[in-house]
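Colleague: Quick one, what's the 3D model for this:
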Amino acid sequence: MSLRVRGLVALLLSALAGSGALAQDDTAQRGRSGTTIVPRVGVTQTLTDNVALSSTARDAALVTQVSPGIRIESRSGRVRGTFDYALNGILYVGSDAKNQVQNALSTSGVVELIENSVYVDGQASIGQQAISAFGQQSGNSSLSNPNRTEVATLNLSPYWRGRVSNIASFELRGGAQAANTKDSIVGDTHTESLSLRVNGLSAGRLQWWGSANTQTSHFRAGDASYKNSTLNLGLTYRPDVDYAVTVNGGPERYDYGRGAQSSSNYGVNFTWTPSPRTRAVAEWQRHQYGNAHTLSLEHRMARSVWRYSDVQSVNLSTPSGTNPVAVSLYSLYLQQCIASQADPSICPASVTDFLIARGLDPNAQIISGYVAASSPTIQRLQDLSFSLDGLRDSVVVSLSQSTSGLLPGAQATGGDLALTSEVKQRGLTVSVSHRLTPDSSVTGALSVMQNRGTQPSLGNTLRNFTANWSSRLGRQLSVSLGARHTGFTGSTGYTENALIANLTQQF
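Modeller: Presented below is the predicted three-dimensional model:
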């Protein structure tokens with residue numbers, strides 16, 4: 001991991017860990033702040049018939065994974081957020097596969113430096129990622145897969161909110177983003193940004209706003225830098241409390257590797273909120289180098305949520321270091337939780353507990369990420385999902401499609417977009433859980449992931465099915481037993497079957 005990423009991660013983690021230290025100094029304050037610290041350790045035994053994921057030299061093995069971890073969560077006070085880290089030690093018995101140590105980090109939070117004025121947002125992650133969408137794919141990170149690497153990402157954003165008398169409110173925000181890919185420079189980026197947003201405080205139906213933004217990104221592969229600066233003025237007309245129409249426009253200056261160029265950008269936004277349970281947003285923004293749009297529909301009923309989104313965006317960089325349109329099982333359940341909960345802050349912890357208790361891998365990919373191209377890209381993600389939360393049953397269904405390509409005239413110095421002008425991915429997942437007793441349940445999950453390039457030779461399909469029984473043996477101890485079948489078709493196809501047992505103890 002680069003010094004830049006390590007330093008930023010250390011700053012974010014120390015801020016989040018500070019909330020736990022403050023809570024431990026005073027137990028009475030711990031109750032008021034809502035801070036919880038939950039250490040855990042998990043042991044997973046997997047008996048697989050193909051740990052090397054080979055079609056010709058199948059290698060049966062016993063895989064032992066020991067995962068000590070900790071979750072820190074603060075939901076009030078000056079430091080709010082979640083920190084979840086696990087160190088996964090993976091041991092292979094009966095196979096020549098090399099033992100592994102994998103880091104898994106997911107954290108986000110906000111620090112209020114000056115009350116109601118100055119804040120710092122932060123997010124960081126470390127996880128396993130496919131190197132190429134066209135290489136060998138697997139449904140579990142503990143298997144031996146050369147097309148997988150570890151990626152660390154970080155985003156820090158300090159900002160200042162205030163008012164100018166009763167005329168306007170403002171937000172001045174800075175940003176520092178970084179990504180580092182283990183054993184490779186493809187996908188390594190760092191980005192700096194600065195923005196100012198001013199909103200008029202008029203109480204009428206017509207409101208004005210203005211924004212100025214500048215962003216500079218550097219890709220380590222190719223040693224290339226790109227820059228974009230925009231100035232926008234907008235008017236929002238709200239004839240009724242249920243809907244609003246916004247128009248905006250202004251000059252833009254950018255350099256995407258072909259020299260500095262200037263043009264205009266303009267757009268329109270329509271938002272309709274007929275009830276607290278229904279929301280629709282349609283937005284279109286014109287740019288000389290590629291248009292962007294958003295279409296989002298969401299409707300919540302008593303026990304179900306329907307969501308559809310279609311988002312196309314032009315990315316000066318990919319601070320995540322990987323395909324930003326990747327969709328994991330965790331992110332899918334998190335979206336559904338946020339849409340259905342009055343207090344979304346409880347969702348990260350509850351979703352993690354839900355998946356682990358049922359023997360499901362939170363990092364399982366619905367649409368696989370891959371190490372990004374080292375150049376600006378344009379991406380589109382379409383997603384249709386449905387969730388049902390009954391008294392004893394829960395169902396989640398998601399159908400997704402993503403398309404990634406280079407901006408016109410841009411050139412990739414590495415990654416999949418150096419091989420093809422477009423990467424298209426489709427994903428389907430169906431997860432059904434049935435509660436047998438208050439402490440036990442059964443879960444079945446089916447996922448299909450398909451990757452395609454513009455050439456016929458660039459393509460593969462991964463199918464994965466899991467079935468699990470899970471139960472709590474005590475308030476802090478849970479166990480799960482399951483089976484998995486995986487089928488992969490591509491340049492090096494394979495099938496894999498496994499029996500899995502997991503025991504997780506929280507403290």
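
Colleague: ranges for the strands of the stretch 251-400 of the chain?
Modeller: Counting by DSSP state E, counting those that start in this stretch, the segments of the stretch 251-400 of the chain that form strands are 261-275, 278-286, 292-300, 304-315, 327-328, 365-367, 377-389, 393-406.

Colleague: Output these in JSON lines, with mean neighbour count appended to each entry.
Modeller: No exception for glycine: its C-beta is placed from N, CA and C like everyone else's. Converted to JSON lines, these look like this (neighbours: other CB atoms under 10 Å):
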{"stretch": "strand 261-275", "mean neighbour count": "14"}
{"stretch": "strand 278-286", "mean neighbour count": "16"}
{"stretch": "strand 292-300", "mean neighbour count": "16"}
{"stretch": "strand 304-315", "mean neighbour count": "17"}
{"stretch": "strand 327-328", "mean neighbour count": "22"}
{"stretch": "strand 365-367", "mean neighbour count": "25"}
{"stretch": "strand 377-389", "mean neighbour count": "19"}
{"stretch": "strand 393-406", "mean neighbour count": "20"}
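
Colleague: Now distance to Ile338 and mean pLDDT too, for those strands, in CSV please.
Modeller: Compiled in CSV, the strands of the stretch 251-400 of the chain are given as follows (distance: least, CB to CB, whole Å; pLDDT from 0 to 100):
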stretch, distance to Ile338, mean pLDDT
strand 261-275, 16, 95
strand 278-286, 13, 96
strand 292-300, 10, 94
strand 304-315, 10, 89
strand 327-328, 15, 62
strand 365-367, 17, 59
strand 377-389, 11, 88
strand 393-406, 14, 89
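
Colleague: Tell me which of these lies nearest to Phe488.
Modeller: Evaluated over the strands of the stretch 251-400 of the chain, closeness to Phe488 peaks at strand 365-367, with 12.9 Å, by CB to CB.

Colleague: Just the buried residues of stretch 136-155, please?
Modeller: 136-145, 147-155 (16 or more other CB atoms under 10 Å).

Colleague: Endpoints of that stretch, how far apart?
Modeller: End-to-end distance of stretch 136-155: 29 Å, with CA to CA, to the nearest Å as the criterion.

Colleague: Show the average pLDDT along that stretch.
Modeller: Across stretch 136-155, pLDDT averages out at 89.

Colleague: roughly how far is that stretch from the heart of the chain?
Modeller: Centroid separation for stretch 136-155 versus its chain: 15 Å, with CA atoms, centre = their mean, to the nearest Å.

Colleague: can you check stretch 270-287 too?
Modeller: 22 Å.

Colleague: now stretch 383-401
Modeller: With CA atoms, centre = their mean, you get 18 Å for stretch 383-401.

Colleague: for stretch 464-481, same thing?
Modeller: Chain-centre distance of stretch 464-481: 25 Å, with CA atoms, centre = their mean.

Colleague: low-confidence ranges in the chain?
Modeller: Applying pLDDT under 70 to the chain picks out residues 1-33, 316-329, 331-332, 335-336, 339-343, 345, 356-369, 371-374, 409-410, 412-413.

Colleague: which residue ranges form the helices in it?
Modeller: 3-25, 27-33, 329-340, 347-357 (DSSP state H).

Colleague: Quick one: closest of the strands of the stretch 251-400 of the chain to Ala97.
Modeller: strand 365-367 (21.1 Å).

Colleague: Can I get stretch 384-402 in CSV? Just the C-alpha atoms.
Modeller: What follows is stretch 384-402 as a C-alpha-only set of coordinates in CSV (Å, rounded to 0.1, in the frame of the first residue of the first chain):
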residue,chain,number,x,y,z
LEU,A,384,-34.0,-3.3,-10.9
SER,A,385,-34.5,-4.7,-7.4
PHE,A,386,-37.2,-5.9,-5.1
SER,A,387,-37.2,-6.9,-1.5
LEU,A,388,-39.8,-8.4,0.8
ASP,A,389,-39.5,-8.6,4.5
GLY,A,390,-42.2,-10.9,6.0
LEU,A,391,-42.8,-12.2,9.5
ARG,A,392,-40.7,-15.3,8.7
ASP,A,393,-39.5,-14.9,5.2
SER,A,394,-37.3,-12.4,3.4
VAL,A,395,-36.7,-12.2,-0.3
VAL,A,396,-34.3,-10.0,-2.4
VAL,A,397,-34.2,-10.1,-6.2
SER,A,398,-31.9,-7.9,-8.2
LEU,A,399,-31.3,-7.6,-12.0
SER,A,400,-28.4,-5.3,-13.0
GLN,A,401,-26.5,-4.3,-16.1
SER,A,402,-23.4,-2.1,-16.3
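
Colleague: quick revisit: could I get the strands of the stretch 251-400 of the chain as TSV with distance to Ala498?
Modeller: Shown next, in TSV, are these (distance: least, CB to CB, whole Å):
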stretch	distance to Ala498
strand 261-275	46
strand 278-286	41
strand 292-300	37
strand 304-315	32
strand 327-328	20
strand 365-367	17
strand 377-389	27
strand 393-406	23
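
Colleague: Minimum distance to Ala52: which of those strands has it?
Modeller: Ala52 lies closest, by CB to CB, to one member of the strands of the stretch 251-400 of the chain: strand 365-367, at 20.1 Å.

Colleague: Spatially, what comes nearest to Thr454 if we skip its sequence neighbours?
Modeller: Setting aside the residues directly before and after it, Thr454 is nearest to Thr420 in space (CB to CB, 6 or more residues apart in numbering), at 4.8 Å.

Colleague: And Arg205, by the same measure?
Modeller: Arg238 (5.4 Å).
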